[in-house]
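Student: Requesting a structural model of the entry that follows:
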Amino acid sequence: MRTALLAALLLTLPAAASAQEAGGVVKPGMTQEQVVAAWGKPVRTATSGDYTYLFYDSGCCGLTDVVFLEHGQVVDALARGAHHTYDGISSLSPARKPGYTAPAR
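Tutor: I've put the predicted structure just below:
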């Protein structure tokens with residue numbers, strides 16, 4: 001039983017690693033499907049009201065990378081890992097002023 005479980009886990013690891021290594025760029029206004037195409041399947045997803053949060057392994061610092069969607073569109077992201085890029089003004093940036101990030105059209 002344990003051998004079958006270990007084999008199943010090992011078979012899934014290369015796919016997860018290659019999705020992280022492939023990386024991609026997430027931009028404001030993207031849909032959840034576009035984010036998954038760029039960064040791969042999230043390790044966890046949470047929803048609260050109009051917001052959806054996609055959590056990804058950052059590969060560093062024990063922290064997660066997070067993509068924030070409002071009404072199904074990206075409005076912010078926290079990208080710490082070298083394999084994830086956010087092409088917007090992130091909440092992590094000191095240049096970001098409080099306010100709404102309008103979705104790209």
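Student: Can you show me the strands along this protein?
Tutor: 24-26, 44-48, 51-57, 64-70, 73-78, 84-86 (DSSP state E).
Student: quick one: which of those is nearest residue 36?
Tutor: Closest to residue 36 of these, according to C-beta to C-beta: strand 51-57, at 7.8 Å. The C-beta positions use only the backbone N, C-alpha and C, and glycine is treated the same way.
Student: What lies in contact with the closest one?
Tutor: 20, 32, 35-36, 39-40, 42-47, 64-70, 72, 81, 84 (C-beta atoms under 8 Å, 6 or more residues apart in numbering).
Student: residues contacting residue 24?
Tutor: Applying C-beta under 8 Å, 6+ apart, one finds that residue 24 lies in contact with 37-39, 84-85.
Student: follow-up on the earlier one: out of the contacts of strand 51-57, which end up buried?
Tutor: Restricting these to buried positions leaves 20, 32, 35-36, 39-40, 42, 64-69, 81, 84, with burial counted as 16 or more other C-beta atoms under 10 Å.
Student: pLDDT check: weakest of these?
Tutor: Checking pLDDT across those, the minimum falls on residue 20 at 42.
Student: and residue 45, bridged to which residues?
Tutor: Here residue 45 shows beta-bridge partners residue 54, assigned using DSSP bridges.
Student: Distance check, it against residue 89.
Tutor: To residue 89, residue 45 is 24 Å away according to C-beta to C-beta, to the nearest Å.
Student: likewise residue 69?
Tutor: Applying C-beta to C-beta, one obtains 16 Å for the distance of residue 69 from residue 89.
Student: From what I see, residue 86 and residue 30 are in contact.
Tutor: No. With contacts defined as C-beta atoms under 8 Å, residue 86 does not count as touching residue 30, sitting 10.2 Å away.
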